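1. Give me a 3D structure for the following:
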Amino acid sequence: MRQELLSLPKGLAEEVSKNLVMVARLIDEEPEQAYAYSRIALRLASRVAAVREAAGFAAYATQKYSEALAEFRAAKRMTGSVELWPVMADCERGLGRPERALAMAGEPEVQKLDKAGQVEMRLVAAGARRDQGQLEAAIVTLQSPELASNSVQPWTARLRYAYADALLAAGREDEAREWFGKTLEADKDGATDASDRLAELDGVEFVDASTDLSDLAEDEDEDDDDEDDEDAAEFAAAERASDVAEYYDEDDEEYEPLEQSEADADADAEGDKA
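-> A predicted model of the protein is given here:
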């Protein structure tokens, strides 16, 4: 990419480079913002293959598959490289054309891909089979020396995960559990949710701790409200009792004097002495 940018005037090259850096920085977490930066770079240097490729990935990340496919095709024409072939095929899937993705999987370009590219193409082809409702065909498509290998490569976790997911979709639960377990062994970076899928298969339910704390706080508030209500009731009862003691007519035949506490009796005695 650096070499391509050197073909631009220095000031323009710096501006394009800044926008491409922002695309790379934001594409995973803020794809819409990454897309916006890619459009700026594209306006500045549309004849640079690296810019067309970056614009393609930004469009792909925001599910603008038609636009992404056009940019990838342009980049391929400029460079002659086939490395974008799998993602181009996946754009066809995104556009609802799985048959075209499968046709691309049989083209000579696939043989020119490196091992990672060929595995990626296999994943796309299996996805296209599933798009067509051909679950068993998808499972067979994923069965390969790379899947059977015990060697862990950058693509291993994703390949095993796709296989496990296809097995589960086909109702082969025991096999799916086994392969989700194998995925977890290879997924050192936590790129997949294999652990969650395994827990789901084993009937384990995860509880959101923040929800629990919120519920606990609500329960405590309710308890406090109940205590406040009880205190209020006791206070009201005490006031009524006070009113009765103060205003009750002793001439009333039903009047019964309240029992005097020892403390009150002592206080009265002291008062009499005084």
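2. how far away is the closest residue to residue 191 other than its chain neighbours from residue 7?
-> Counting by C-beta to C-beta, 6 or more residues apart in numbering, residue 157 is the residue found nearest to residue 191 once chain neighbours are left out, at 5.8 Å. All C-beta atoms are positioned from the backbone trio N, CA, C, and that covers glycine. Between residue 157 and residue 7 the distance, using C-beta to C-beta, to the nearest Å, works out to 38 Å.
3. what about those two, which has more around it?
-> In this comparison of residue 157 against residue 7, neighbours counted by other C-beta atoms under 10 Å, the higher total goes to residue 157 at 22 against 10.
4. Can you name the residues that contact the more buried one?
-> The contact partners of residue 157, taken as C-beta atoms under 8 Å, 6 or more residues apart in numbering, are 183, 186-187, 191-192, 194.
5. Which members of these are positioned in helices?
-> Within these, residues falling in helices by DSSP state H are 183, 186, 194.
6. ok, the nearest residue to the last one once chain neighbours are set aside - how many residues close by?
-> Just to be clear, that refers to residue 194. Nearest residue to residue 194 in three dimensions, chain neighbours excluded: residue 183, at 4.1 Å (C-beta to C-beta, 6+ apart). For residue 183, the tally of surrounding residues (other C-beta under 10 Å) stands at 26.
7. What's the ChimeraX line that selects buried ones from the contacts of residue 157?
-> Selecting in ChimeraX just the buried members of the contacts of residue 157, where the criterion is 16 or more other C-beta atoms under 10 Å, is done with this command:
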select :183,186,187,192,194
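8. which residues of this protein score low on pLDDT?
-> Within the chain, the stretches with pLDDT under 70 are 1, 205-274.
9. repeat that for 50
-> Applying pLDDT under 50 to the chain picks out residues 238, 241-267, 269, 271, 273-274.
10. can you tell me how far the most centrally placed residue in it sits from residue 204?
-> Averaging the C-alpha coordinates of the chain gives a centre point, and the residue nearest to it by C-alpha atoms, centre = their mean is residue 193 (9.6 Å). Separation of residue 193 from residue 204 (C-beta to C-beta): 13 Å.
11. any idea how far residue 110 is from the residue lying closest to residue 107 once chain neighbours are set aside?
-> Of all residues not flanking residue 107 in the chain, residue 85 sits nearest, at 7.7 Å (C-beta to C-beta, 6+ apart). In this structure, residue 85 and residue 110 are separated by 7 Å, where distance is defined by C-beta to C-beta.
12. Please enumerate the shared neighbours of the two.
-> Among the neighbours of residue 85, those also in contact with residue 110 (C-beta under 8 Å, 6+ apart) are 104, 117, 121.
13. out of the residues you listed, who has the most neighbours?
-> Neighbour counts for the shared contacts of residue 85 and residue 110 were taken using other C-beta under 10 Å; the highest belongs to residue 121, which has 22 neighbours.
14. Next up, the contacts around that residue.
-> Neighbours of residue 121 in contact, by C-beta under 8 Å, 6+ apart: 85-86, 89, 104-105, 110, 113.
15. same question, residue 115
-> Contacts for residue 115 (C-beta under 8 Å, 6+ apart) come out as 146, 153.
16. And residue 187, by the same measure?
-> When the contact criterion is C-beta under 8 Å, 6+ apart, the partners of residue 187 are 157, 161, 194.
17. Can you tell me which of the residues you listed is closest to residue 18?
-> When these are ranked by distance to residue 18 (C-beta to C-beta), residue 157 comes first, at 33.5 Å.
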